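[1] only the shape, not the letters, is given here:
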């Protein structure tokens, strides 16, 4: 599979060092680790994180947090959307497939995905999914957003027309409107 996620574990608030080490071991996470706060988008804390290189560094851990296996990626982070990756990515097809699968499985139209590429193995790792991402640097964002709105509206209109055609095949008029006639005029 082309989609990978680094091993991670949630560290509850006030967890002692021994418990943290046990949680890391059970999740198959070794040092170095990346620790990220458990804070939703919109908070200034949502993007603060630290790298902990060894057991002694656990004193700097602010819980609750998510501890994730560090993947060496040469400090390159790719913020991606299905249509247009913001940065030049070695394999746009893999990225496009990742985002398309996530959009389908999560049922979302707008989302951003942060992807890193392991500099040794070349594997692609999803490290964050943003349900309402910023679109700074996204070429022609407003044009793309309007196109998405149009597609959603047309899709809903198409679903309604299919339902009308399916439920009113004999030209049944409701409130004086012949829905077969309206549907055939709208679609043709």
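    Arrived safely, thanks for sending. It should be emphasised that the depicted structure is a prediction, and the values quoted were computed from it without experimental measurement.
[2] could you report the distance from residue 19 to residue 60?
    Distance of residue 19 to residue 60, given as CB to CB, to the nearest Å: 16 Å. Just so you know, the C-beta spots here come from the backbone N, C-alpha and C atoms, and that holds for glycine as well.
[3] actually residue 24, sorry about that
    Distance of residue 24 to residue 60, given as CB to CB: 15 Å.
[4] point out where this structure drops to low pLDDT.
    Within the chain, the ranges that satisfy pLDDT under 70 run 1-2, 40-47, 81-92, 132-138, 156-188.
[5] now the strands for it?
    Assigned by DSSP state E, the chain shows strands spanning 8-11, 33-37, 50-52, 65-69, 78-80, 112-117, 124-130, 173-174, 177-178.
[6] and residue 29, how many neighbours?
    The number of residues packed around residue 29, counting by other CB atoms under 10 Å, is 19.
[7] now it: how far from residue 62?
    17 Å.
[8] just to revisit the earlier point, now the strands of the chain in a markdown table, with distance to residue 101 and mean neighbour count?
    Shown next, in a markdown table, are the strands of the chain (distance: least, CB to CB, whole Å; neighbours: other CB atoms under 10 Å):
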| stretch | distance to residue 101 | mean neighbour count |
| --- | --- | --- |
| strand 8-11 | 20 | 18 |
| strand 33-37 | 23 | 20 |
| strand 50-52 | 29 | 16 |
| strand 65-69 | 21 | 20 |
| strand 78-80 | 12 | 21 |
| strand 112-117 | 10 | 20 |
| strand 124-130 | 10 | 17 |
| strand 173-174 | 40 | 10 |
| strand 177-178 | 41 | 13 |
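[9] okay if I get those as CSV plus distance to residue 100?
    CSV is the format used below for those (distance: least, CB to CB, whole Å):
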stretch, distance to residue 100
strand 8-11, 23
strand 33-37, 25
strand 50-52, 31
strand 65-69, 24
strand 78-80, 11
strand 112-117, 10
strand 124-130, 13
strand 173-174, 38
strand 177-178, 38
